[in-house]
Structures are given as C-alpha cells and as structure tokens.
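Undergrad: Please find the sequence and the predicted model below.
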Amino acid sequence: MDYDTFKELGFTDREIKVYLALIELGTSTVGPISKKTKLAPSKVYETIEKLKEKGLVSFIVISKTKHFQASDPNEIINLIEEKKRRFKSIVEELRTKQKFAESKQVAIVHEGYKSVHAMFNWIADILQKGDYYYAFAFKEEYYNPATSSLLRNFHIKLEEKKVDDRLIGHVSVKKAIKETFKDNKNFKIRFVKQFWPSVILIYKDRTVHAIWGERPTAIEIISEQINQQHKEFFLEVWKTAAH
C-alpha cells in the first residue's frame, strides 16, 4: 500500500494504520485493531475519533460494546472533492485580491537622458504585434539630432513588430516629423494646431507624461483607468486631426 499518497491527502501515520487495519478486519473492536497496528488502545480510540470526523469510520453497538468499521473507500474520493471545493473558494478569493493589487496605480519617474532613453528601449521591447502605441508628440525636439535619431530608431522597432503606431504632432513641426519618419511605412501621423504642455505616450496599461528640456523627465503612470481615459482622448483628437 502506498502510504505516501495517504500522507499527501493529509492522513497521519496512525490514521493510515487504523484505517487500513479496519479495511482488513472488517467490523472490529479496539483490541484487534490495537494488536494489528501495535498502537495502545487509547491511541486507537483517539485515532478512530479523528477518522470518524473525516467520515471514514462508523460503529455499531453490540452487547454494549462498540464495534468499528471502515466506511466505503470511495469516501476518500469525496474527501478529495470537498478539499477541491474549499480550495476553489480560496483560489477565487486570492484572485480577487490579486486583481485588486494589480489595479493599484503606480507612478515611476525617469529622469535624465539615459533614463528616458532606457525607458523607450523598454517600451520597444515589451510591445508586440497587435499592441498599440499612441503619442502626442515632441515639438522642437525633432530638430535635435540626438533626439530625432532616438525616436526614429524607436519607431523602426515598432514597425518591425507591426505595432499600431500613431502620433499626433503640432503643425509647427510637421515638416521635421515627416522628414524624420519618411521611410517608416507603419507609422501614422496627423497634425493639430493646439498645444499641450508635455509629451504624452499611451500604451498597454501605461501613460507617460514627458518633458524634454535640459534634463529630460518622464513620469510613467501604471493605471488601466488613466490609460483608457488618455486612449479615448487620443482617438477623439485623431478623428479631427489633419494628415
């Protein structure tokens, strides 16, 4: 008999011995069980009580003496099913807590050119075919060779992955933006006349507000709700923006 399987189901050594003894003895008083298991009668009684709680032992009284018998072995299957039901309830509770944890909003600050550059590299790595990347674009930064090169290479990576890559730029930098991305067939660009105070990047469950300047700074917000609001706003502006 495979004792290890019984132990995996939560049975103690004594419970295994007493239950198997009853299976072999049939209906029995404590004496024969004690003899067969080499356990003291008091330990046998104690163990039988635990097996009764699990529904694996019953008894009848004959001449004022209790005679014990093992329940149908199928009851072990019922025990397993009951544990599964209880664990299923626990798993659902854990999933709810996990979902709540995932919905918490987190902000990450990227400060300095190297940090912002690394952020763009990371975004390019995690986005895959079928994902989207929407951006309210930089303005004068497209006239900066280093920045222009960084953004061009970033969008080339998105082109290779067939990411839904869209940008809304200000009309004042239309020429510079189109020149930067003239060879990118995946990239969609539209232009508007209104200004916004910072660059806004929208992808997955994240929204980034970035300011370039002498020391570039990007605030990355991890929030499905905020991301969805920005995504909807971007798509509304996109409808009326000029090509």
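TA: Sure, I can see it.
Undergrad: so how many other residues sit close to Ser58?
TA: Using other Cβ atoms under 10 Å, Ser58 is surrounded by 14 other residues. No exception for glycine: its C-beta is placed from N, CA and C like everyone else's.
Undergrad: Give me the three-state assignment for it.
TA: strand (DSSP: H, G, I helix; E, B strand; the rest coil).
Undergrad: when you give positions from now on, start the count at 169
TA: Understood, numbering begins at 169; the last thing we discussed is Ser226.
Undergrad: Other residues contacting stretch 242-261?
TA: With Cβ atoms under 8 Å, 6 or more residues apart in numbering as the test, stretch 242-261 has contacts from 177-178, 222-224.
Undergrad: residues contacting the nearest residue to Lys185 once chain neighbours are set aside?
TA: Spatially, and ignoring its direct neighbours in sequence, Lys185 is nearest to Thr205 (4.3 Å; Cβ to Cβ, 6 or more residues apart in numbering). Going by Cβ under 8 Å, 6+ apart, Thr205 touches 182, 185-186, 189, 212.
Undergrad: one more time with 7 Å
TA: Contact analysis of Thr205 by Cβ atoms under 7 Å, 6 or more residues apart in numbering lists 185-186, 189, 212.
Undergrad: for Ala386, same thing?
TA: 278, 284, 287, 376, 378.
Undergrad: Go again with 8 Å.
TA: 277-279, 283-284, 287, 369, 376-379.
Undergrad: now the strand or helix carrying Ile324: how far from the chain's centre is it?
TA: Taking DSSP states H and E as the definition, Ile324 sits inside helix 313-328. Relative to its chain's centre, helix 313-328 lies at 31 Å (Cα atoms, centre = their mean, to the nearest Å).
Undergrad: Residues contacting it, please?
TA: 281, 285, 288-289, 291-292, 295, 301, 306, 309-310, 333, 344, 348-349, 352-355, 380.
Undergrad: Where do the strands of the protein begin and end?
TA: With DSSP state E as the criterion, the chain has strands at 225-230, 233-238, 274-279, 300-304, 332-338, 356-360, 367-371, 374-379, 385-390.
Undergrad: Could you export these to JSON lines, including columns for distance to Lys399 and mean pLDDT?
TA: Below are these laid out as JSON lines (distance: least, Cβ to Cβ, whole Å; pLDDT from 0 to 100):
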{"stretch": "strand 225-230", "distance to Lys399": "62", "mean pLDDT": "86"}
{"stretch": "strand 233-238", "distance to Lys399": "63", "mean pLDDT": "88"}
{"stretch": "strand 274-279", "distance to Lys399": "18", "mean pLDDT": "90"}
{"stretch": "strand 300-304", "distance to Lys399": "7", "mean pLDDT": "96"}
{"stretch": "strand 332-338", "distance to Lys399": "11", "mean pLDDT": "94"}
{"stretch": "strand 356-360", "distance to Lys399": "15", "mean pLDDT": "93"}
{"stretch": "strand 367-371", "distance to Lys399": "5", "mean pLDDT": "95"}
{"stretch": "strand 374-379", "distance to Lys399": "8", "mean pLDDT": "93"}
{"stretch": "strand 385-390", "distance to Lys399": "13", "mean pLDDT": "93"}
